[in-house]
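Trainee: predicted structure and sequence below. I'll ask about it afterward.
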Amino acid sequence: MKHHQRGLSLIGLLFFGVLAGSTFLVAAKAVPTYIEYQAITKAVNKAKDGATVAEIRSTFDKAAQIDDISTISGKDLIVTKDGGKTVVAFAYSREIPLAGPAFLLLKYDGRSN
């Protein structure tokens, strides 16, 4: 009787290892940008309570200094009024180098609650 072998070949193992390693590498580079996005959102929500545009930007800059936010500053914020309520919005993009000429482009945008 012939027994059929089951399992993963060496080539299959190497393929899945490279795939898992690549996925981990991209995630390890992308997760810090998402954490910074969350910090920016938190700082924007804190800054929206300011009375003037200058005060809102100043409050954001202070929060950005505490949370080590270097991607955007208070001057990059878009401050508007919506039905008597102050709305602070932002948008930016981050390029993450992967390998050689390949980059991962992440675009973030958000607004205060």
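Mentor: Good, I have the coordinates.
Trainee: which elements pack onto the lowest-mean-pLDDT helix or strand in the chain?
Mentor: Least confident helix or strand, the chain: strand 78-82 with a mean of 90, by mean pLDDT, DSSP states H and E. In this structure, strand 78-82 packs against helix 53-67, strand 85-99, with contacts taken as 3 or more C-beta pairs under 8 Å, 6 or more residues apart in numbering; DSSP states H and E. Glycine gets a C-beta too; all of them are placed from N, C-alpha and C.
Trainee: cutoff 7 Å now
Mentor: strand 85-99 (3 or more C-beta pairs under 7 Å, 6 or more residues apart in numbering; DSSP states H and E).
Trainee: I'd like the next helix or strand past the strand it packs on.
Mentor: Following strand 85-99 in sequence order, the next helix or strand is strand 102-111 (DSSP states H and E).
Trainee: pull the residues that contact that next one.
Mentor: Applying C-beta atoms under 7 Å, 6 or more residues apart in numbering, the contact partners of strand 102-111 are 26, 30, 33, 37, 41, 44, 87-98.
Trainee: mind giving me the PyMOL command for buried ones among those residues?
Mentor: Burial among those is assessed by 16 or more other C-beta atoms under 10 Å; the matching PyMOL selection reads:
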select buried, resi 33+37+41+44+88+90+92+94
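Trainee: which strands and helices sit next to the biggest helix by length in the chain?
Mentor: In the chain, taking DSSP state H as the definition, the longest helix is helix 10-47. For helix 10-47, the elements it packs on are helix 53-67, strand 85-99, strand 102-111, judged by 3+ C-beta pairs under 7 Å, 6+ apart.
Trainee: same list, those, but as JSON lines with distance to residue 3 and mean pLDDT please.
Mentor: Below are the helices and strands packed on helix 10-47 laid out as JSON lines (distance: least, C-beta to C-beta, whole Å; pLDDT from 0 to 100):
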{"stretch": "helix 53-67", "distance to residue 3": "61", "mean pLDDT": "93"}
{"stretch": "strand 85-99", "distance to residue 3": "42", "mean pLDDT": "93"}
{"stretch": "strand 102-111", "distance to residue 3": "45", "mean pLDDT": "94"}
